[in-house]
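Participant: return atomic coordinates for the entry below.
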Amino acid sequence: MSSKWLLIVLLVTLGDTRNVVAQVGDLAGVLPGDRWVYEVKDEITGDLKRTMTVVVLDVSEKEINTRMSVRGAARPFETVFDRNWNRIDDGIWKFRPSDGAGVQTPLQVGKEWRFENKSTHTNGTALSTTGQSKVVGEEKVTTSAGTFDTFKIETRMRHVNANDQTKASTVNATLWYAPTVNRWVRRTNETRIEGRVRDSHTEELVDYSRKP
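Facilitator: From the prediction side, this is the model:
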């Protein structure tokens, strides 16, 4: 499997890094100016890969428009999510209806949902994705940003190249969503191509601020 295909899989799953994102989550409470800072660590080497800041620019009835800044990168880039933190458009990939990697409120242990989408890259690459998510428990998670009550959500998805059905990958992801933060405080991703691990990393909240 070519390194180009691995790059495509990582970008569609994780988003473009630009030279290197019985409680009920209140997503309606997301406001312009809300901010989350994450450190992304390579689980294979233990190295810090990047530090990323997400800031809400504006919110509509259906979308959350954000600016993402990666420390050391030349400039920030915009990413649009739906109101459940599913990615719609990051300027490089467009998803219809969305990437399905967010949450589906209201959350409760045992809840499951499935999703399908089509995604297109600006270079013409097209992928078809199927996946499913399940709320497997409630956990208290501590990061350098604090201690949070979270819902643990496990997601499995499969990407297939629309132009070459032999090219496929699987992604296993787990996120810990904290209603008080209105976003996840930790998220892990493992990508496999032809059954072999190609990427494994953890994204963890290190700072945040929310508009009152």
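Participant: hmm, Asp199 is touching Ala173, no?
Facilitator: No - if you go by CB atoms under 8 Å, Asp199 and Ala173 don't touch, sitting 11.4 Å apart. Every C-beta, even on glycine, is put in place using the N, C-alpha and C of the backbone.
Participant: joint contacts of the two?
Facilitator: Residues touching both Asp199 and Ala173 (CB atoms under 8 Å, 6 or more residues apart in numbering) are Asn189, Glu190.
Participant: what lines up beside the strand ranked longest in the chain in the sheet?
Facilitator: When the chain is scanned for its longest strand (criterion: DSSP state E), the result is strand 126-143. Here strand 126-143 is paired, per DSSP bridges, with strand 112-121 (antiparallel), strand 146-161 (antiparallel).
Participant: so where's this protein shaky on pLDDT?
Facilitator: For the chain, applying pLDDT under 70 flags the ranges 1-28.
Participant: in contact with the closest residue to Gly137 other than its chain neighbours, which residues are there?
Facilitator: For Gly137, ignoring the flanking residues on the chain, the nearest one in space by CB to CB, 6 or more residues apart in numbering is Lys152 at 4.8 Å. Going by CB under 8 Å, 6+ apart, Lys152 touches Val135, Val136, Gly137, Glu138, Glu139, Thr174, Leu175, Trp176.
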